[in-house]
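Undergrad: quick check, what structure comes out for this input:
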Amino acid sequence: MHNNKKTSGLAIAAVLLASACGTSTKNMYAPADCPVPQFASEEYTIGPGDMLNVVVWRHEEITTTIPVRPDGKISTPLVDDMLASGKTPSELALDMEVVLSEYLRTPEVSIIVTGQGASNQIQVVGEVLTPQALSYREGVKVLDVVVSAGGLTEFAAGHKAHVVRQSLDGNIKCRVNLRDLMSGDMSSNILVFPGDVLVVPESSF
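TA: Sure thing, here's the model as predicted:
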């Protein structure tokens, strides 16, 4: 029996995914054809809820750790309401250096992401042992997500699992046959990206 905390989390996830999981079958992609998000980049992209360590070299008094606000902006000493969401850490650092150059001589800024918000996480919901949000890392695949979630429950319909992925045209769904994947067939072991949701439905007996 699930505890109250887990049940509450699943209920919230169900509400958030209601529209995404309602995507019609005609928009369901096979693993080999699952589109890579147009916004995917090789370098990490900052999103709302991310925790940033802003290091200004030789100026510890304005070095700080702050969250990215829901509007995608941050405020630090001497830098107010700067857009961070959608930028890479290096891009944000350069933008902050431009502003700080009005107050400091040759400022050097480093941005370190110490925590990820929901937009940069991978969600896994449904019939896995530990439904949860996982921090994204480059090169992570579906099997990594399943293993991190403790594997499938005995009630899982692994052959009906799918990844809900955000795209510029809305949400899409990509089939992933976890039953075959767990048996050694790697054809469904696709890459996952920030914002992806792995949905494992319950089997109907």
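Undergrad: what's the following helix or strand after the worst-scoring helix or strand of the chain on mean pLDDT?
TA: The weakest-scoring helix or strand in the chain, judged by mean pLDDT, DSSP states H and E, is helix 4-17 (a mean of 42). The element immediately downstream of helix 4-17 (helix or strand, assigned by DSSP states H and E) is strand 28-29.
Undergrad: mind listing the helices for the chain?
TA: All helices of the chain, identified by DSSP state H, fall at 4-17, 89-100, 142-148, 178-182.
Undergrad: for the protein, what spans make up the strands?
TA: Per DSSP state E, the chain carries strands over the ranges 28-29, 51-56, 64-67, 73-76, 79-83, 109-115, 121-126, 132-135, 162-167, 170-175, 197-200.
Undergrad: and these as CSV, adding mean pLDDT and mean neighbour count?
TA: C-beta coordinates here come from the backbone N, C-alpha and C atoms, glycine included. Shown next, in CSV, are those (pLDDT from 0 to 100; neighbours: other CB atoms under 10 Å):
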stretch, mean pLDDT, mean neighbour count
strand 28-29, 88, 15
strand 51-56, 97, 19
strand 64-67, 96, 14
strand 73-76, 97, 17
strand 79-83, 96, 14
strand 109-115, 95, 17
strand 121-126, 95, 23
strand 132-135, 93, 16
strand 162-167, 89, 20
strand 170-175, 89, 18
strand 197-200, 96, 23
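Undergrad: adding distance to residue 155, write those out as CSV.
TA: As requested, those are arranged in CSV below (distance: least, CB to CB, whole Å):
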stretch, distance to residue 155
strand 28-29, 22
strand 51-56, 36
strand 64-67, 37
strand 73-76, 43
strand 79-83, 44
strand 109-115, 33
strand 121-126, 10
strand 132-135, 18
strand 162-167, 17
strand 170-175, 19
strand 197-200, 10
